[in-house]
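J.: need coordinates for the below:
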Amino acid sequence: MYGAKAFTRLTAVGSVIAAGALAAGALSPTADARPTASHEPALAVTGFHSEGDPLSRIRASAPALTTVGVDGVNIAANGKQVGAPDRLARKALSVAHHQQLRAEFLIGNFARSDFAERRAHKMLTTPADIAAVSDAVAHSVKRQGWDGASVDLEALRKRDQKGLVRFLAAIRRKLPPAATLSICISNSVTAAEYHNRGYDLKGIAAHVDRVILMAYDEHGSWENHPGPVGDIAWQKRGLEAMEKAGVPAARLDLGQAGYGYAWRPHENVAVSDAKARRLVTRTGGRSHFDASVGEWVGHLPDGSTLWWADSRSYAKRARLAIRRHLHGLAVWSLGLSDPLRRF
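T.: Numbering: from 1, shown residues only. The predicted model follows:
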């Protein structure tokens, strides 16, 4: 989906404005490496850092975080290799560790303007390529001192199911015992929809420490009909479907937006929380928090509509995560969101 991840990754190259236990018989992923007791929030929280975002944004949210997910590396177009995290990613790693936070780097299939299923499929259907890419991931974790890795292969299809599980199993085998492995999965509202999008959730849960449900980009700039970035009812349906399909709540992180979209007469754009508020104030617009959705909606004099999720939205999802006994929350992204507060 051409959403906030696409916007923020394109921004890094100057193109556009940013946008319980396992099932019986499953392999046992590693225990979560956690910050010191004096730092540890009551709710585990991953904050995503996109390349080019100020490192100060990690520091601003550090008291609320347990893990920083650093974006990352991408599989080559031929599916045969993946690079190592670059200098900017390693700087984010250093800042995270200085703040006593864990850090994982993301492995994606992003290409130019969006996620490319074809390059992921090439790798996932070729055992030698799975071996080569998983070797490279494990090597980067060990050599650079990462606490783990996070697989963020998006826009997948049903044909990618088996290969994805094999890829996760290969990484898991090669990572150091203390390193963690997570996976980011886009929200779906039925088990069948997850299945058709390439996710064998029970198979995945056998090899990962956490599943991060990316419950955002329900609506966005790629469409001309404004709507919530992630309605809380839609998010709940995604969680329920995922749990029914075999992912224990104790290994689930609810991924929440920390940004929004503005549908304007001349363009549709991704906006940070701060920019959304500025647009409303500067133009004399009006906005209100829609409690049933858990997001802000704004209307500008020129006919623009905005939806965005901010710190109030985050607090509502934190309470949901606690009630449902989830592992925690994840927020895309630290560079766009309000500073996170501790729960």
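J.: and the helices in this protein, which stretches?
T.: Secondary structure of the chain (DSSP state H): helices at 4-12, 56-61, 87-98, 117-124, 127-144, 161-174, 191-196, 201-205, 232-244, 273-283, 311-323.
J.: so for the fourth one, mean pLDDT?
T.: Averaged across helix 117-124, the pLDDT comes to 98.
J.: what of the longest one?
T.: Helix 127-144 comes out with an average pLDDT of 99.
J.: and it, what other elements does it pack with?
T.: Applying 3 or more CB pairs under 8 Å, 6 or more residues apart in numbering; DSSP states H and E, we find helix 127-144 packed against strand 102-108, helix 117-124, strand 148-152, helix 161-174. Heads up, the C-betas are built off the backbone N, CA and C, glycines and all.
J.: gap between the last one and the chain center?
T.: Relative to the mean C-alpha coordinate of its chain, helix 161-174 is positioned 19 Å out (CA atoms, centre = their mean, to the nearest Å).
J.: buried residues, it. List them.
T.: 161, 163-172, 174 (16 or more other CB atoms under 10 Å).
J.: and for stretch 238-248?
T.: 238-239, 241-243, 245-248.
J.: now swap in stretch 276-289 and tell me
T.: Quick answer for stretch 276-289 (16+ other CB under 10 Å): 276-277, 279-280, 285, 287.
J.: what of stretch 213-228?
T.: Within stretch 213-228, the residues scored as buried using 16+ other CB under 10 Å are 213-221, 226-228.
J.: also stretch 330-343?
T.: So for stretch 330-343, counting by 16+ other CB under 10 Å, buried means 330-340, 343.
J.: stretch 194-206 spans what distance, first to last residue?
T.: Its first and final residues considered, stretch 194-206 spans 16 Å by CA to CA, to the nearest Å.
J.: now that stretch: mean pLDDT?
T.: Taken as a whole, stretch 194-206 has an average pLDDT of 98.
J.: go on, stretch 51-60?
T.: pLDDT averaged over stretch 51-60 gives 97.
J.: ends of that stretch, what's the gap?
T.: With CA to CA, one end of stretch 51-60 sits 17 Å from the other.
J.: list the contacts of it.
T.: 8-9, 11-12, 47, 49, 65, 68, 71, 86, 88-89, 91-92, 95-96, 99, 101, 333-335, 339 (CB atoms under 8 Å, 6 or more residues apart in numbering).
J.: just the buried residues of it, please?
T.: For stretch 51-60, the neighbour count (16+ other CB under 10 Å) marks 51, 53, 55, 57-58, 60 as buried.
J.: repeat that for stretch 108-124.
T.: 108-111, 114-117, 119-124.
J.: same check, this time on stretch 188-205
T.: Neighbour-count burial for stretch 188-205 [16+ other CB under 10 Å]: 188-189, 191, 194, 197-201, 203-205.
J.: returning to what we had before: make TSV from the helices and strands packed on helix 127-144 and add distance to Asn78 to it.
T.: Shown next, in TSV, are these (distance: least, CB to CB, whole Å):
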stretch	distance to Asn78
strand 102-108	16
helix 117-124	6
strand 148-152	19
helix 161-174	15
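J.: tell me which of the ones you listed lies nearest to Asp253.
T.: With respect to Asp253, and counting by CB to CB, the nearest of the helices and strands packed on helix 127-144 is strand 148-152 at 10.4 Å.
J.: pull up the pairing partners for that closest one, direction included.
T.: Within its sheet, strand 148-152 is paired with strand 102-108 (parallel), strand 180-186 (parallel), according to DSSP bridges.
J.: closest one of the buried residues of stretch 108-124 to Ala149?
T.: Looking across those and measuring by CB to CB, the closest to Ala149 is Gly108, at 11.2 Å.
J.: gap between Pro177 and Ala138?
T.: 12 Å (CB to CB, to the nearest Å).
J.: I misspoke; the intended subject was His288.
T.: 49 Å.
J.: kindly report the same for His121.
T.: Distance from His121 to Ala138, by CB to CB: 22 Å.
J.: tell me which of the buried residues of stretch 108-124 is nearest to Ser182?
T.: Using CB to CB, the buried residues of stretch 108-124 come closest to Ser182 at Gly108, 13.0 Å.
J.: next one, pLDDT for that closest one please.
T.: So Gly108 comes in at 98 (pLDDT).
J.: thought it was touching Phe115?
T.: Yes - here Gly108 reaches Phe115: they are 7.0 Å apart, a contact under CB atoms under 8 Å.
J.: need the overlap of contacts for those two.
T.: 153-154.
J.: Asn224 touches Arg264, doesn't it?
T.: No - if you go by CB under 8 Å, Asn224 and Arg264 don't touch, sitting 10.8 Å apart.
J.: what pLDDT does the residue lying closest to Thr190 once chain neighbours are set aside get?
T.: Distances taken as CB to CB, 6 or more residues apart in numbering put Ala241 closest to Thr190, at 5.2 Å, once the chain neighbours are dropped. In the predicted model, Ala241 carries a pLDDT score of 98.
J.: pretty sure Ala241 contacts Ser188?
T.: Yes - contact criterion CB under 8 Å: Ala241 and Ser188 qualify, at 6.3 Å.
J.: now do the shared contacts for these two.
T.: With contacts taken as CB under 8 Å, 6+ apart, Ala241 and Ser188 have Tyr194 as neighbours in common.
J.: contacts only, for Tyr261.
T.: Contacts of Tyr261 (CB under 8 Å, 6+ apart): 19, 219-221, 226, 229, 268-271, 306-308.
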